[in-house]
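1. Below is the sequence, then the predicted model.
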Amino acid sequence: MPKKMVKKNTKEKNKIDEVVKSNKNRSSKFQLVRGTKDILPSRQKYFLWLYDEVKRIASSYSFDKIETPILEHTNLFVRGVGKQTDIVEKEMFSFVDQGGDNLTLRPEGTAAVARAYIEHGMLSWPQPVKLWYWGKMLRHERPQAGRLREFHQYGFEILGSSDAMVDAQIIFITYKILSGLGLNVIIAINSIGTVECRHQYKKVLVDYFRTKRSVLSDVAKKQLTKNPLRILDSKDPGLQSVIEQAPQIFDYLSQESKDHFMKVLDYLDELDVPIIMKPNLVRGLDYYNYTVFEVWNNEEESSKAAALGGGGRYDGLVELLGGRPTPAAGVALGIERIVAKLKQAEIAPPTEDSPDIFVAQLGEEAKRKSLLLFEELRLAGVKVSESLSKEGLKSQLEIANKLKVKYAIILGQKEILDGTVMLRDMENGIQEIVDIKKITNEVKKRLDKRLKIKK
RNA sequence: GUGGCUAUGGUGUAACGGUUAACACACCAGUUUGUGGUACUGGUAAUGAGGGUUCGAUUCCCUCUAGCCACCCCA
């Protein structure tokens, strides 16, 4: 065993040496890994606010939270998301670990939720199972505004029901959360029917585009053989009229698909969700069928900017991953994109109330005592702050001022000897000496009074 | 992954092939050795990394890295 250890250690050491010697990242300054971001306090406020809202709405619509690992077996995504998709073909952070396993840092959330549904026998839970998640996703793409390599998504999934109301509810709460934050959003929606419908439609579409070959760009020509539906999504202005005249998928939907879609639209109408029908809307992930939709910011052309989110029905996924046939639908939203929109619309998270009291101390003994005083006030329900690491009274009051507290309590040598504290009104600078035993009550009394006056 | 643009203190900007890289905000300290907001004074701190051209490069050239924009795609 010790021999093995030594061997392994030298191996790993060599690996590290290689990293050190490599040309990349030799500078003495370290930078963020490409496409990743620190979320600093000022941005964190938006994230926390959004998280609270998502959690609140999720629980009132009885979704339970699920967390799945950031690492999954690569095959989960190859099978679940689809071999042919860009996500799987070129965007996954995949590697072989020390034990020889093929692992991937998850590029999306739905496949893992489906995996968990199967693995934990959720089919025997009361159906449908309603879950929500919030977490990091990773995709190896070229970063751009609104596109990162590590980003955050939240999402809702309902597994175990094919009812059109499920589709509608997913869309409804998505809309509800975003409009609740103050964003104007619109849902672009379409139905892509079943695999059979699509198969038939694809044939017709390829035939159609073949007759227009001369106008197709190189990219579109490639898509024609690989994934013809994608051409419908093209931003190429020269292609728009051709796309407009292309056969529409709706005409190739089975009666059942049509009925389901009409029901979804009906419910959404009832719920007053603003929607826009987009017959060209297709999605990049293979697991969708029936309803597909994207979430867009109202003001923008939904063909230009980045979608805030997207989702749809994925009735085949659970079975594809080895479970029993289980109809399901879900949505995923880009948290960074939502935050960017909030900032752009100048919608700020609710400001936290500033603390009421600041405890300032002078001298070692007072510093110690102020810890107890701080705790006493905190337990009494007073919002209290401090800057115990600062020495001078001046700098402490400066901080108190920046925090916009109403009162400062000053505790120094003199006060310790007398068993008192100094209570300073920060607005008018009036100071009073108060018995240290009575200070908490006194503070509470004054704060209550202020509240009443305010009202 | 392809093409284009960009990179100066913590932040936002300035400057020039040539002395010590300028300004504002922020930060720290002092004027006041136990008292904040205003004011004044001082201080810390930068040319993304590596190479080349040059007597001399932050400036010109190359490579890398990162960001932005378009494509691809997506959240």
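-> Yep, that arrived.
2. Might you report the residue contacts of the closest residue to residue A:93 other than its chain neighbours?
-> Excluding the flanking residues, the one nearest residue A:93 by CB to CB, 6 or more residues apart in numbering is residue A:105, at 4.1 Å. Backbone N, C-alpha and C define where each C-beta goes, glycine included. Residues near residue A:105 by CB atoms under 8 Å, 6 or more residues apart in numbering: A:70, A:71, A:92, A:93, A:94, A:138.
3. Let me see the contact set for residue A:401.
-> residue A:426.
4. returning to that earlier point: give me the subset of the contacts of residue A:105 lying in strands.
-> Under the assignment DSSP state E, the contacts of residue A:105 contribute A:71, A:93, A:94, A:138 to strands.
5. Mind checking which of those residues are buried?
-> Burial of the ones in strands among the contacts of residue A:105 was assessed by neighbour count (16 or more other CB atoms under 10 Å); the buried members are A:93, A:138.
6. Nearest to RNA strand B among the ones in strands among the contacts of residue A:105?
-> residue A:138 (8.7 Å; CB to the nearest atom of the strand).
7. Spatially nearest residue to the closest one, not counting backbone neighbours?
-> Using CB to CB, 6+ apart, the closest residue to residue A:138 is residue A:105 (4.2 Å).
8. For the stretch 151-300 of chain A, give me the ranges with low pLDDT.
-> Scanning the stretch 151-300 of chain A for pLDDT under 70 picks out A:299-300.
9. Okay, the residue of it found nearest RNA strand B and residue A:101: tell me how far apart.
-> At 1.0 Å from RNA strand B, residue A:284 is the closest residue in the stretch 151-300 of chain A, using CB to the nearest atom of the strand. Counting by CB to CB, to the nearest Å, the gap from residue A:284 to residue A:101 is 27 Å.
10. possible to save the ones in strands among the contacts of residue A:105 as CSV with distance to RNA strand B and pLDDT?
-> Compiled in CSV, the ones in strands among the contacts of residue A:105 are given as follows (distance: CB to the nearest atom of the strand, whole Å; pLDDT from 0 to 100):
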residue, distance to RNA strand B, pLDDT
A:71, 18, 96
A:93, 12, 93
A:94, 13, 93
A:138, 9, 95
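11. closest to residue A:44 among the ones in strands among the contacts of residue A:105?
-> residue A:138 (20.0 Å; CB to CB).
12. partners of the closest one in the sheet?
-> Note on residue A:138: beta-bridge partners residue A:150, judged by DSSP bridges.
13. isn't it right next to residue A:107, touching?
-> Yes - with contact defined as CB atoms under 8 Å, residue A:138 counts as touching residue A:107 (6.2 Å).
14. what is in contact with those two at once?
-> residue A:93.
15. Next, the buried residues of stretch A:43-62.
-> For stretch A:43-62, by 16+ other CB under 10 Å, it's A:45, A:46, A:47, A:49, A:50, A:53, A:54, A:57, A:58, A:61.
16. Wait, the third one touches residue A:37, no?
-> Put plainly, it is residue A:47. No - here residue A:47 lies out of contact with residue A:37, judged by CB under 8 Å, at a distance of 11.2 Å.
17. if we can go back for a sec, looking at residue A:284 and residue A:101, which is more packed in?
-> residue A:284 (16 against 11; other CB atoms under 10 Å).
18. Doesn't the more buried one lie inside a helix?
-> No - per DSSP: H, G, I helix; E, B strand; the rest coil, residue A:284 lies outside any helix segment and is coil.
19. Skipping adjacent residues, who's closest to it in space?
-> In space, residue A:284 is closest to residue A:85, 5.8 Å off (CB to CB, 6+ apart).
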